[in-house]
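J.: Here is the input, now give the coordinates:
(one chain, ligands or ions: 3)
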Amino acid sequence: MSNSSSLKWNGTSLVLDAAWGDNGKGKIVDYLSPHADLVIRWAGGPNAGHTVHNKRGEFKFHLIPSGIFNTKCILADTVVVDLDILIYEIDELLSRGIPVSSKNLLISPDITMILDWHKKRDALTEVARGEKPIGTTRRGIGPAYADRTERIGLQIHHLFEKNFEKRFKKEFDWQTRLTQLMSAGVEKKPYDYDDMLRRLKVARKRLKPMIQEVLPVIWKAHKEGKRILGEGAQGALLDIDLGTAPYVTSSHPTRAGFSAATGVYKINHVYAASRAYTARVGSGPFPTELTDAIGDHLVEVGHEYGTTTGRRRRCGWFDAVATYYGAHIAGATEIAITKLDVLDGLDEVKICVGYIFEGKKYGIGKIPTIKNRFLDHVKPIYKTMNGWSGSTKEARAFKDLPKNAQKYILELQKLLDKKIRFVSVGPKREEMFSM
Ligand code: GDP
Ligand code: IMO
Ligand code: MG
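T.: Ligands and ions are numbered 1, 2, ... in the order given. The predicted structure is shown next:
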């Protein structure tokens with residue numbers, strides 16, 4: 001089945017990520033959003049990098065939802081936003097003839113803004129972590145969420161208060177002192193008050209029409225049974241609570257995170273994206289990582305360089321143990337396998353079907369936790385399958401795939417114990433089919 005009616009769904013669906021991110025969420029949202037009435041981004045901030053490759057060309061989004069070509073988009077309360085990056089992205093879209101206005105982009109006033117000090121604190125904290133930094137994107141994500149949970153910091157609605165400048169000055173002085181302390185006095189004058197205030201005023205003027213209460217819009221659409229599509233960011237294994245701590249991000253890239261952001265609890269489909277192999281960017285345990293020629297093949301053929309930071313992504317065999325766990329904590333109902341084409345031509349393909357930890361074997365679904373203290377000490381147990389010689393790139397239905405690629409997909413489906421709903425065989429919108 002790959003006709004467009006099979007892409008329609010009722011109510012609310014989510015596209016999120018079963019592993020450590022970059023599994024093709026942007027592409028899947030672009031594929032599904034022509035059938036959506038609303039696309040909502042709820043997790044993270046400009047640490048995300050979502051690639052869309054459609055008739056309009058190739059686009060890389062950090063904050064703008066990937067549904068912007070097709071339907072109305074919302075940045076929910078729980079996203080942290082760097083207004084400079086948001087405006088840059090809007091301008092880029094406008095310059096390429098894609099309209100962006102209050103007609104297709106709404107920004108919640110309750111969003112916490114990422115300001116210069118969050119980026120500086122992110123960098124200083126990475127240095128303070130010494131030999132074991134997280135490898136953050138240095139986009140200020142952790143410190144912005146820290147301010148939010150500490151119930152300080154500036155939210156977008158503050159820009160419109162009468163006493164905004166007074167509030168900003170207080171915040172500026174406090175953050176300056178904090179940075180001076182964090183840097184042991186090295187940073188003497190870390191921030192430029194006039195420049196920051198000027199940029200905020202420009203953003204306020206520019207974005208004002210798009211800054212609107214979003215919950216009534218979401219709830220009305222939900223009540224009317226409109227098709228809502230949640231666009232996840234990051235990956236479930238990066239979840240602040242259930243992910244591979246401490247090598248995680250600071251938000252909830254899961255179904256629970258979507259509900260916390262929107263107050264919408266009835267969700268019909270949760271599509272968890274996963275490559276046909278496994279990858280991660282940044283530090284942290286990665287049991288199936290390959291540092292050999294096959295690892296290089298995956299990086300080069302899969303163009304595995306970070307969309308946000310340009311860093312080389314670490315690649316390895318499909319980790320069914322970690323992906324099963326990720327899909328579980330994500331609240332996934334179905335799986336979307338992407339980048340199957342990257343495995344084309346390999347003689348054999350391996351799947352990690354268990355871990356050995358302290359001499360004991362743990363099968364899929366049996367690991368007690370995925371936290372670093374466990375994951376960092378496991379040895380993968382592999383199942384080896386035959387590779388395939390033909391190309392998957394032209395496949396537009398399951399039956400078009402080489403036989404061994406079909407077997408591989410069916411094996412993943414069995415191991416993950418979830419229906420594989422979509423298979424992607426190239427970066428372009430049409431290089432995908434549903435099953
Ligand atoms: P996201 O963060 O989950 O949206 O994923 P990214 O955009 O960061 O990374 C996914 C990368 O893989 C992008 O460069 C996409 O263009 C590319 N991509 C997506 N699906 C496929 C696929 O099926 N095959 C290939 N070769 N590339 C893909
Ligand atoms: P998308 O939405 C891949 C990773 C960083 C780092 C850790 C913490 O494109 O899939 P942070 O800057 O969030 O404090 O960094 O999380 N990370 C991502 N990795 N894709 C992402 O987003 C990521 N967002 C954060 O590399 O290891
Ligand atoms: Mg990405």
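
J.: I'd say Gly387 and Leu343 touch.
T.: Yes: if you go by Cβ atoms under 8 Å, Gly387 and Leu343 touch, sitting 6.8 Å apart. C-beta: built from backbone N, CA, C; applies to glycine.

J.: out of those two, which sits in the busier spot?
T.: Leu343 (24 against 16; other Cβ atoms under 10 Å).

J.: Is that one in contact with Tyr277, as I believe?
T.: Yes: using Cβ under 8 Å, Leu343 is in contact with Tyr277, at 6.6 Å.

J.: so who does Cys73 touch?
T.: Leu38, Val39, Ile40, Arg41, Ile64, Pro65, Gly67, Asn104, Leu105, Leu106 (Cβ atoms under 8 Å, 6 or more residues apart in numbering).

J.: What count of nearby residues applies to the residue in the chain positioned nearest to ligand 2?
T.: For the chain and ligand 2, the shortest gap (Cβ to the nearest ligand atom) falls at Gly282, measuring 2.1 Å. Using other Cβ under 10 Å, Gly282 has 22 other residues around it.

J.: any idea how far it lies from Cys352?
T.: Separation of Gly282 from Cys352 (Cβ to Cβ, to the nearest Å): 20 Å.

J.: So what touches the lengthiest strand in the chain?
T.: Ranked by number of residues, the top strand in the chain under DSSP state E is strand 348-357. By Cβ under 8 Å, 6+ apart, the residues outside strand 348-357 that reach it are 287-288, 317-322, 343, 361-364, 366-367, 374, 377-387, 408, 411-412, 415.

J.: ditto for stretch 127-146
T.: For stretch 127-146, the external contacting residues (Cβ under 8 Å, 6+ apart) are 44-47, 62, 80, 82, 112-115, 117-123, 125-126, 153, 182, 240, 246-251, 281-284, 306, 308-309, 311.

J.: at 6 Å instead, please
T.: For stretch 127-146, the surrounding residues in contact (Cβ atoms under 6 Å, 6 or more residues apart in numbering) are 45-47, 80, 112, 114, 118-119, 121-123, 126, 247, 250, 282-283, 308-309.

J.: where exactly do the strands run in the stretch 251-400 of the chain?
T.: With DSSP state E, counting those that start in this stretch as the criterion, the stretch 251-400 of the chain has strands at 269-275, 278-280, 314-316, 318-319, 334-338, 348-357, 360-363, 379-386.

J.: And for the third one, what's in contact with it?
T.: Okay, so that is strand 314-316. Against strand 314-316 from outside (Cβ under 6 Å, 6+ apart): Thr278, Ala279, Arg280, Phe286, Thr288, Glu289, Leu290, Gly295, Leu298, Val299, Glu304.

J.: list the contacts for the third one?
T.: Shown in contact with Arg280 (Cβ under 6 Å, 6+ apart): Trp20, Phe286, Arg314.

J.: Redo those residues as CSV? Include distance to Val214.
T.: Formatted as CSV, the contacts of Arg280 follow (distance: Cβ to Cβ, whole Å):
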residue, distance to Val214
Trp20, 29
Phe286, 36
Arg314, 36
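
J.: lowest average confidence, helix or strand, in this protein?
T.: Sorting the helices and strands of the chain by mean pLDDT, DSSP states H and E puts helix 372-375 at the bottom, at a mean of 93.

J.: and that helix, which residues are buried?
T.: Asn372, Phe374, Leu375 (16 or more other Cβ atoms under 10 Å).

J.: what's it in contact with?
T.: By Cβ under 6 Å, 6+ apart, the residues outside helix 372-375 that reach it are Thr244, Pro285.

J.: Just flag the most distant two among the contacts of Cys73.
T.: The span of the contacts of Cys73, defined through Cβ to Cβ, is set by Leu38 and Ile64 at 14.5 Å.

J.: how about the residues of this structure near ligand 2?
T.: 17, 20-22, 44, 47-50, 134-137, 139, 141-142, 233-235, 238, 247, 249-250, 281-282, 307 (Cβ under 6 Å from any ligand atom).

J.: which residues of this structure fall in helices?
T.: Ranges of helices in the chain, per DSSP state H, are 25-32, 83-95, 116-128, 141-149, 164-182, 193-207, 215-223, 255-262, 293-301, 320-330, 372-375, 403-416.

J.: do you know which of those helices lies nearest ligand 1?
T.: Using Cβ to the nearest ligand atom, the helices of the chain put helix 25-32 closest to ligand 1, at 3.4 Å.

J.: Mind checking the pLDDT average for that closest one?
T.: The average pLDDT within helix 25-32 is 97.

J.: from what I can see Gly306 touches Gly282, true?
T.: No: using Cβ atoms under 6 Å, Gly306 is not in contact with Gly282, being 8.6 Å away.

J.: For burial, what's the neighbour tally of Pro216?
T.: Residues near Pro216, counting by other Cβ under 10 Å: 9.

J.: And for Arg56?
T.: 14.

J.: Look up how far Ala146 lies from it.
T.: For Arg56 relative to Ala146 (Cβ to Cβ), the value is 37 Å.

J.: that older thread, tell me, which of the contacts of strand 314-316 make contact with ligand 1?
T.: For ligand 1, no contacts are drawn from those by Cβ under 6 Å from any ligand atom.

J.: Out of those residues, flag the one nearest to Lys201.
T.: Arg280 (39.1 Å).

J.: Chain neighbours aside, what residue packs nearest to the closest one?
T.: Distances taken as Cβ to Cβ, 6 or more residues apart in numbering place Trp20 nearest to Arg280, at 3.6 Å, with adjacent residues excluded.

J.: residues contacting that neighbour?
T.: Contacts of Trp20 (Cβ under 6 Å, 6+ apart): Gly235, Leu237, Leu238, Arg280.

J.: Relative to Pro427, which of those is nearest.
T.: Looking across these and measuring by Cβ to Cβ, the closest to Pro427 is Gly235, at 18.4 Å.

J.: roughly how far apart are the closest one and Val29?
T.: Taken as Cβ to Cβ, the span from Gly235 to Val29 is 15 Å.

J.: Could you export the contacts of Arg280 as CSV, including pLDDT?
T.: Shown next, in CSV, are these (pLDDT from 0 to 100):
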residue, pLDDT
Trp20, 98
Phe286, 97
Arg314, 97
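
J.: Surely Asn104 and Lys72 touch.
T.: Yes: assessed by Cβ under 6 Å, Asn104 is found in contact with Lys72 at 5.3 Å.

J.: Give the PyMOL command for selecting the buried subset of the contacts of strand 348-357.
T.: The buried subset of those, as determined by 16+ other Cβ under 10 Å, is captured in PyMOL by this line:
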select buried, resi 287+288+317+318+319+320+321+322+343+362+364+367+374+378+380+381+387+408+411+412+415
